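S.K.: Just to be clear, the model below is a prediction. Sequence and coordinates:
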Amino acid sequence: MTTMQTPDTTTRFPEAAILPDKHVPAIHIWRDFEATPAQLFRAHTDPEVFSRWIGPTDVGADITHWDARDGGSWSYTARGTDGREEFATSFRGCFHTVREDRLVQTFTWEGMPDGVALETMTFEDLGDGRTRLHAVSLCDSFEDRDAWLRSGMEVGVNDGYAAIDRLLTEGAL
C-alpha cells in the first residue's frame, strides 16, 4: 500500500508510534501488546469490548450499529467533555475484510463528512506472547492527513491502547 518500511520485530512499541508516510497521504501506527492476535482482533470487532477502550479516557462510545463481517458496517457516537462543555461526535464506516490477522475498513468522522479514510490493520504474532498492531490510514489528500495529525489524535490513540492493556490485565479480553 505504501513505500514506508515496516520496523523489524526487535524494535519495540510500548506506546503508539504515529508517523506520516512521506509518499502517500497515509498515517502509520505501530503498537505492541502483551496479547494474542485473537485478543486484539476481538478488541476491534466485538462492539461491547470496542466501546470500553476507544478514544480518550474521558470519552465514551455509544455503538449505534455494528456488523463486523466482510461487507458489514459500523457506527458509533463518542460522548464526553472538553473541560468546558459536553460534546457528541459520530463516526462510521464499512468493513471490507474481517480476518483474525487483518481488518480493512473505511472510516469517516462527521466533522469531515467528505473525507473517507481506508484503514488496514494487521495483527502480527511476535512469537513471545506479544502481538504488533500496524494500522495504516490512507486519507483522501495530504491536507486531510495533516489535519488528522494536528487534531490531537495521539491522545485518543494512546489512551485507547492503554485501555486495551488494562482490559488484557483484567482478563476482559
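M.R.: Happy to help now that I have it.
S.K.: quick one: residue 129 and residue 31, what's the gap?
M.R.: Summarising the geometry, the distance separating residue 129 from residue 31, computed by C-beta to C-beta, to the nearest Å, is 15 Å. For every residue, glycine as well, the C-beta is placed using N, CA and C.
S.K.: Go ahead and confirm residue 29 touches residue 122.
M.R.: No - look at residue 29 against residue 122 with C-beta atoms under 8 Å: they stay out of range, at 11.1 Å.
S.K.: Common neighbours of the two, please.
M.R.: Shared contacts of residue 29 and residue 122 (C-beta atoms under 8 Å, 6 or more residues apart in numbering): 133-134.
S.K.: what's the following helix or strand after the helix or strand where residue 52 lies?
M.R.: Counting by DSSP states H and E, the element that carries residue 52 is helix 47-53. Using DSSP H and E, the helix or strand that follows helix 47-53 in sequence is strand 59-66.
S.K.: so who does residue 18 touch?
M.R.: Taking C-beta under 8 Å, 6+ apart as the criterion, residue 18 is in contact with 27-29, 149, 153-154, 157.
S.K.: which among these end up buried?
M.R.: Using 16 or more other C-beta atoms under 10 Å as the burial test, the contacts of residue 18 include 27-29, 153, 157 as buried.
S.K.: Point out the other helices and strands that the helix or strand containing residue 43 packs with.
M.R.: Remark: residue 43 resides in helix 37-45, with elements defined by DSSP H and E. Taking 3 or more C-beta pairs under 8 Å, 6 or more residues apart in numbering; DSSP states H and E as the contact definition, the neighbouring helices and strands of helix 37-45 are helix 47-53, strand 102-109, strand 117-125, strand 131-138, helix 153-170.
S.K.: at 6 Å instead, please
M.R.: In this structure, helix 37-45 makes packing contacts with strand 117-125, strand 131-138, judged by 3 or more C-beta pairs under 6 Å, 6 or more residues apart in numbering; DSSP states H and E.
S.K.: Each with direction, which strands does the helix or strand of the chain with the lowest mean pLDDT pair with?
M.R.: Lowest by mean pLDDT, DSSP states H and E among the helices and strands of the chain is strand 73-81, with a mean of 89. Take DSSP bridges as the rule and strand 73-81 pairs in its sheet with strand 59-66 (antiparallel), strand 86-99 (antiparallel).
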